[in-house]
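Engineer: only geometry, no sequence info:
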């Protein structure tokens, strides 16, 4: 009786829509979901919780998509949510929802063990990582990191008798890779943080704090310098074919923040 009633239920989402307006993205977002990532140094894995968005393109003549199928797909792949397998999930979304285009987005905290510069005391730095996949006529994958760092104002250093004001900054990089190429999260993290005046650490003893303070003072950078220096490094990285980078410098003596942005497609 239950099977018969279920079979007889009308499929409202699959019915025809007469407004003839296609929708670019429709689906579910802000799903909190556990994932496991492979770590290159230890060879083990890191467990974290991601915010997941899943969408498809909806044709102009279809009333709605089947929202429950997104979660079914996610649960089916719960043991294989890794960067090198995300496109398989994207393809599964296309097949299961009979869509021409599918999108999968994950954003999650990721922890990296980082030793202090002088004492070597190890602490965990957390960064925000994003994976963005889409599949239509061709596949696309973008990896992103948001990295905390420090900048020191060149103008302040130049005009002051002593000292200079500095800022905490957040540098973001999103990258696409060339065919058959990739990078570890840790690799992109190191590239990004080296563009700042100095790095930030989870654990600093007095010798470390002295080093970090002096390192920033000897390496002053405007927000423009940060993104330009990062762009030069990414230009020389042959694994990356496209990048979008920005830095937000959280001012310490102004009631505003400084910002700079660069986007470049190296394939052009």
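Structural biologist: Alright, I've got the coordinates. Computed from a predicted structure; not experimentally measured.
Engineer: what does stretch 178-187 contact?
Structural biologist: 37, 40-41, 83-84, 110, 112, 127, 129, 143, 145, 175, 177, 238-241 (C-beta atoms under 8 Å, 6 or more residues apart in numbering). Backbone N, C-alpha and C define where each C-beta goes, glycine included.
Engineer: What residues of that stretch count as buried?
Structural biologist: Of all the residues in stretch 178-187, those buried under the rule 16 or more other C-beta atoms under 10 Å are 183, 185, 186.
Engineer: Which helix or strand lies directly C-terminal to the longest strand along the chain?
Structural biologist: Among the segments of the chain that qualify as a strand by DSSP state E, the longest is strand 23-38. Following the chain from strand 23-38 toward its C-terminal end, the next helix or strand by DSSP states H and E is strand 45-58.
Engineer: that older thread, any chance of JSON lines for the buried residues of stretch 178-187, columns pLDDT and secondary structure?
Structural biologist: Compiled in JSON lines, the buried residues of stretch 178-187 are given as follows (pLDDT from 0 to 100; DSSP: H, G, I helix; E, B strand; the rest coil):
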{"residue": "183", "pLDDT": "92", "secondary structure": "coil"}
{"residue": "185", "pLDDT": "93", "secondary structure": "helix"}
{"residue": "186", "pLDDT": "94", "secondary structure": "helix"}
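Engineer: In strands, which of the contacts of stretch 178-187 fall?
Structural biologist: Filtering these for strands - DSSP E - leaves 37, 110, 112, 127, 129, 143, 145, 175, 177, 240, 241.
Engineer: Any idea how many residues pack against residue 137?
Structural biologist: 6 (other C-beta atoms under 10 Å).
Engineer: Look at it and give its secondary structure.
Structural biologist: In three-state terms, and counting by DSSP: H, G, I helix; E, B strand; the rest coil, residue 137 is coil.
Engineer: For it, give its distance to residue 149.
Structural biologist: According to C-beta to C-beta, to the nearest Å, residue 137 stands 38 Å off from residue 149.
Engineer: All the strands of the chain, in order from the start?
Structural biologist: If DSSP E is used as the criterion, the strands of the chain fall at 23-38, 45-58, 102-115, 122-135, 139-152, 166-177, 198-199, 240-250, 257-265.
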